[in-house]
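K.L.:
this is the structure alone, sequence omitted:
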């Protein structure tokens, strides 16, 4: 028997179900206007995974997609409108919103797009102006 971790999630109504295996590449908080608007909250808690770690197990035909920009393809359930995840093809990662994985031990490491924050958080974690360099950003850190 393998030791690989599996986590399950589903949309608000349960029509779309998915699982993710392994460990996330990164976890943190995004403060950008788009994530705030999409999530209807002051920040979005993210967990980033390799796309092949994600498997939709039910309701794949019921997943809608919207991309405001070419770097984010946001996915939701067509029945309930519940948000599921965001594909980031330019990063080669998929953001599975931390709230969608109730069994995941969420351990945020960074804050991204902190220049756009509306909720200042003093947790001692790095606050990137935009993104870390390895994710295509400037790598500039901001003060808490």
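P.N.:
Looks like it came in fine. Everything quoted here is computed from the prediction, not taken from an experiment.
K.L.:
ranges for the helices of the protein?
P.N.:
Here the chain has its helices, by DSSP state H, at 33-39.
K.L.:
neighbours of the residue nearest to residue 130 when sequence neighbours are not counted, just the number please.
P.N.:
Once flanking residues are discounted, residue 130 sits nearest to residue 137: 4.1 Å by CB to CB, 6 or more residues apart in numbering. For the C-beta atoms, the positions are set from N, CA and C on the backbone; glycine is no exception. By other CB atoms under 10 Å, the residues close to residue 137 number 14.
K.L.:
then residue 120?
P.N.:
11.
K.L.:
not counting sequence-adjacent ones, nearest residue to it?
P.N.:
Nearest to residue 120 is residue 144, by CB to CB, 6+ apart, at 7.0 Å.
K.L.:
how close does the one you found get to residue 100?
P.N.:
For residue 144, the distance to residue 100 equals 28 Å [CB to CB, to the nearest Å].
K.L.:
who's in contact with the closest residue to residue 132 other than its chain neighbours?
P.N.:
Counting by CB to CB, 6+ apart, residue 139 is the residue found nearest to residue 132 once chain neighbours are left out, at 5.6 Å. Residue 139 makes contact with 128, 131-133, according to CB atoms under 8 Å, 6 or more residues apart in numbering.
K.L.:
now residue 139: phi and psi?
P.N.:
phi 80, psi 10 (degrees, to the nearest 10).
K.L.:
can you check the pLDDT for it?
P.N.:
Residue 139 is assigned 95 on the pLDDT scale.
K.L.:
could you measure it against residue 110, distance?
P.N.:
Distance of residue 139 to residue 110, given as CB to CB: 11 Å.
K.L.:
so what's in contact with those two at the same time?
P.N.:
Residues touching both residue 139 and residue 110 (CB under 8 Å, 6+ apart) are 128, 132.
K.L.:
ok, how many other residues are close to the closest residue to residue 106 other than its chain neighbours?
P.N.:
Nearest non-adjacent residue to residue 106, counting by CB to CB, 6+ apart: residue 98, 4.7 Å away. Residue 98: 19 surrounding residues under other CB under 10 Å.
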